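> Just need the structure, nothing else, for what follows:
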Amino acid sequence: MTAAVSDRLEHRAQRLAAHPRFWDETRETQPLEERKKLILERIQKQIAYAYEGLPFYRKLYDRHGVKPSDIRTMEDFTQRVPVVTKQMLRDAQAEYPPFGSYSNTPPEQIARIYGSSGTTGVPTLYAISKSDWARATEAQAMAIWAMGVRPGDVVHFVFPFGMFIGGWAIMAGVERVGATVFPVGAADSKRHIDLIQQLRPTVLAGTPSYVLHLADVARSIGVNLRSSSVHTLIVGGEPGGTVPGSVAAIRGGWGDDIIVCDTGNTSECFPTQMNSSCDQGQGVHVFEDEVYLETVDPDDTRCRAPDGEFGATVYTTLWRESQPMIRFFAADRARLVHGTCTCGRTYPRLPEGMIGRLDDMLLVRGANVYPSAIEGALRQVPGVGAEYRIVIERKGALDELRLQVEPDAEWTKLQTADAHALLAQSIVERLRREIGLRVGVEVVAPGTFEKMLFKARRVIDRRPAER
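Numbering: from 1, shown residues only. The predicted structure is shown next:
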C-alpha cells in the first residue's frame, strides 16, 4: 500500500467516524411492515390527487374503469392501475405543451425545468415545483450519505451539466450533506486529471464509461490514479456501477480499495433519489417510501415478479405534486430482494442494479443478449480500453454481431498486429465462456470512437427495419 492510498483510506475512516452512520436512522431502518402501510397510504393519496386534478390521469383511469376508491390494497394497485409509458408522456406534452396534461403547477411555483431528448430530438420537459425540489434534495442527501460522503469531502463532477437533470440532482444532495462541490463538468480529460492532482478531491462523480476513460488517459500520460486522493466514485447514467466486470475494471484503474457507488434512476422520477448504493457493495438500495418500485412481468404489468427474480421496473412517486409518475413503466430489467443489508438499512435492494432496458435487448440468432452482459464480460479482459461498439448486421437470413474495441493505454504501447490478434482472441474466448456468445472482434486504433460523457450509446444496429 502506497503512502497516498494509506492517506485516503485514513481520511475516509476519520470522516465516517466523526458523523452518524445514517442520515435519517428511523426512516432507513424502519421495519418493513410499517413502511408498507405508509406506502399504501401515499399511493392512495397520489391516485386521488392525480384523478381529481390532472386530466391525463383522469382520462387514463376512466378508460380502464378505475376509481381512487378501488385501491384498498397493494394488490389492487398492481392489478388495477394501468402503467404509464414514455410515449404517453411525449404525446401528452405534444397535445398540451409545454409540460403535458399531467402537470398543473403554477409558473410561480416552478423551481427548475429539465429535459431529456428522445429519438425525435424533441425534449421531454420536466417542471419541478419548489416544494418537490426541496423534498428531492433531502432524498438525494440520504442517498449521498449512504455512499459515505461527509462534510469535508470534495466532490469533483465530470457529469456534463446540461438540460439533463442527473448531475444537477446529485450535486444538490452533495451540497445538502455539507460536502464541497467542484462542478467541472465537460472538460478535456487531461484537464480533469490535472485538477485531480491539483485540488485533491476525495470523491468523483461521472458515468462508468468516463471514469474508465479517465483512468486510461491517466495511464497514457504516466499518471497513476490508483494513488490519487479519490476514495469514492459515484457513477450513474448507464449500467456499469454494479456490473462485476465493470466494477473490477474501474478498480483496476482507480485502486482496489476504491468505493464504487451506483446511482441508478430514470429521468421521469428525478430529481427524487430512489435508487442508490450504500458503501457495503451489496447492490442498489430502493428508497421505496420515496419512489415505490415494482418489478413485473414484462408481458403483463399487472403481475409482479417473485422476490429475487428478474422483472421489468415500474415506478410510482409517492410525494410529488409536479408531474407525478404513477406506475411509470421504465422497462429496465432488474431483480428486487428484501432483507436487511449489512449497512443496517432495511430498504430492498437491486443486487445487480439495472441490467439494462428491455428495449435495448438484442435478439441475435434466436438468443436474447443484453449489452450490459457483453460489457461485463468485456471489462474482464486485460488490455480492453474504455470504448467499444457493438455492431449488428444481417448476412443473408442470419443476424451477425461483432465488436469493435479500442485497446487501453498499456496495450497500445505494444503496437503490433500480433498483440491486437491476441487481444481479439482473448475477447472472443471470454464472451463465449461468460455468455455463450460467438462474435467477431476487431481491435481498432485508440481514439476511433467519441468518448461518452453521459449515457453511452454503443449499439450500432445495421439490420433493415422490419416491414
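> which secondary structure element contains residue 150?
Residue 150 is part of no helix or strand, with elements assigned from DSSP states H and E.
> unless I'm mixing things up, it is touching residue 18, no?
Yes. If you go by C-beta atoms under 8 Å, residue 150 and residue 18 touch, sitting 7.2 Å apart. The way it works is simple: take the backbone N, C-alpha and C, and place the C-beta from them, glycine included.
> Count the neighbours of residue 309 for me.
For residue 309, the count of nearby residues is 12 (other C-beta atoms under 10 Å).
> Quick one: the strands in the stretch 301-450 of the chain, in order.
Along the stretch 301-450 of the chain, counting by DSSP state E, counting those that start in this stretch, strands occupy 310-317, 328-335, 349-350, 356-357, 362-364, 367-369, 384-395, 398-407, 440-443.
> Residue 116 in helix, strand or coil?
Assigned with DSSP: H, G, I helix; E, B strand; the rest coil, residue 116 falls in the strand class.
> surely it meets residue 166?
No. Contact status for residue 116 versus residue 166: not in contact, 9.3 Å apart, counting by C-beta under 8 Å.
> Neighbour count for those two, which is higher?
residue 166 (24 against 18).
> Return the distance of that one relative to residue 266.
10 Å (C-beta to C-beta, to the nearest Å).
> swap in residue 259?
According to C-beta to C-beta, residue 259 and residue 266 sit 24 Å apart.
> For residue 292, list each beta-bridge partner.
Beta-bridge partners of residue 292, counted by DSSP bridges, are residue 316.
> so what's it up against?
The contact partners of residue 292, by C-beta atoms under 8 Å, 6 or more residues apart in numbering, come to 39, 42, 43, 315, 316, 318.
> And for residue 243?
Residue 243 makes contact with 208, 352, 353, 372, 375, 376, 379 under the criterion C-beta under 8 Å, 6+ apart.
> Mind doing that once more with 7 Å?
With contact taken as C-beta atoms under 7 Å, 6 or more residues apart in numbering, residue 243 is in contact with 372, 375, 376.
> Now, those residues that are in helices?
Judged by DSSP state H, the contacts of residue 243 include 372, 375, 376 as members of helices.
> Pick out the lowest-pLDDT one from the residues you listed.
Across the ones in helices among the contacts of residue 243, the smallest pLDDT goes to residue 372, namely 75.
> what about that one, neighbour count?
So residue 372, with other C-beta under 10 Å, has 24 neighbours.
> cool, and the one 10 residues further on?
Taking other C-beta under 10 Å as the neighbour definition, residue 382 ends up with a count of 11.
> How about residue 459, nearest residue that isn't a chain neighbour?
residue 390 (4.8 Å; C-beta to C-beta, 6 or more residues apart in numbering).
> whoops, residue 103 was the one
residue 323 (4.6 Å).
> got it, and residue 183?
Using C-beta to C-beta, 6+ apart, the closest residue to residue 183 is residue 157 (4.8 Å).
> contacting residues for the one you found?
Shown in contact with residue 157 (C-beta under 7 Å, 6+ apart): 167, 171, 182, 183, 184, 185, 205.
> could you flag which of the contacts of residue 292 are buried?
For those, a neighbour count by 16 or more other C-beta atoms under 10 Å gives the buried set as 39, 42, 43, 315, 316, 318.
> need those in CSV with pLDDT, can you?
CSV is the format used below for the buried ones among the contacts of residue 292 (pLDDT from 0 to 100):
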residue, pLDDT
39, 97
42, 98
43, 98
315, 95
316, 96
318, 96
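> with those in mind, which one is nearest to residue 438?
Ranked by distance to residue 438 (C-beta to C-beta), those are led by residue 315 at 36.7 Å.
> How about the contacts made by the closest one?
Taking C-beta under 7 Å, 6+ apart, we find residue 315 in contact with 266, 269, 274, 291, 293, 325, 328, 330.
> before we move on, what about residue 197?
Contact partners of residue 197, counting by C-beta under 7 Å, 6+ apart, are absent.
> ok, now the one 4 residues further on?
Residues in contact with residue 201 (C-beta under 7 Å, 6+ apart) are 154, 155, 156, 182, 229, 230.
> Tell me the one of those nearest residue 144?
The closest of these, once distances to residue 144 are taken by C-beta to C-beta, is residue 155, at 8.6 Å.
> measure that closest one to residue 224 for me?
Counting by C-beta to C-beta, the separation of residue 155 from residue 224 is 21 Å.
> of the two, who's got more company?
Under the criterion of other C-beta under 10 Å, the comparison of residue 155 against residue 224 puts residue 155 first, with 25 against 14.
> Check which helix or strand the more buried one maps to.
Secondary structure assigned from DSSP H and E places residue 155 in strand 154-157.
> picking that back up, pull out the buried members of the contacts of residue 157.
By neighbour count, with 16+ other C-beta under 10 Å, the contacts of residue 157 hold 167, 171, 182, 184, 205 as buried.
> Could you pull up the residues touching the last one?
What it means is residue 205. Taking C-beta under 7 Å, 6+ apart, we find residue 205 in contact with 155, 157, 158, 159, 170, 234.
> Need the three-state assignment for the last one.
Following three-state DSSP, the label given to residue 234 is strand.
> next one: the fifth one
Three-state call for residue 170 (three-state DSSP): helix.
> May I have the distance across stretch 222-235, first residue to last?
Using C-alpha to C-alpha, to the nearest Å, the end-to-end distance of stretch 222-235 comes out at 24 Å.
> That stretch: which residues count as buried?
223, 225, 226, 227, 228, 229, 230, 231, 232, 233, 234, 235.
> Next, format these as CSV and append pLDDT.
Formatted as CSV, the buried residues of stretch 222-235 follow (pLDDT from 0 to 100):
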residue, pLDDT
223, 95
225, 95
226, 93
227, 92
228, 95
229, 95
230, 96
231, 95
232, 94
233, 95
234, 93
235, 89
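> Return the member of the residues you listed nearest to residue 409.
Sorting the buried residues of stretch 222-235 by distance to residue 409 puts residue 223 at the head of the list, at 10.4 Å, by C-beta to C-beta.
> thought the closest one was touching residue 193?
Yes. Counting by C-beta atoms under 7 Å, residue 193 is a contact partner of residue 223 at 5.6 Å.
> Please report how far residue 323 lies from residue 89.
Distance from residue 323 to residue 89, counting by C-beta to C-beta: 9 Å.
> what about the two, which has more around it?
residue 323 (25 against 22).
> from memory the more buried one sits against residue 129, does it?
No. Using C-beta under 7 Å, residue 323 is not in contact with residue 129; the gap is 8.9 Å.
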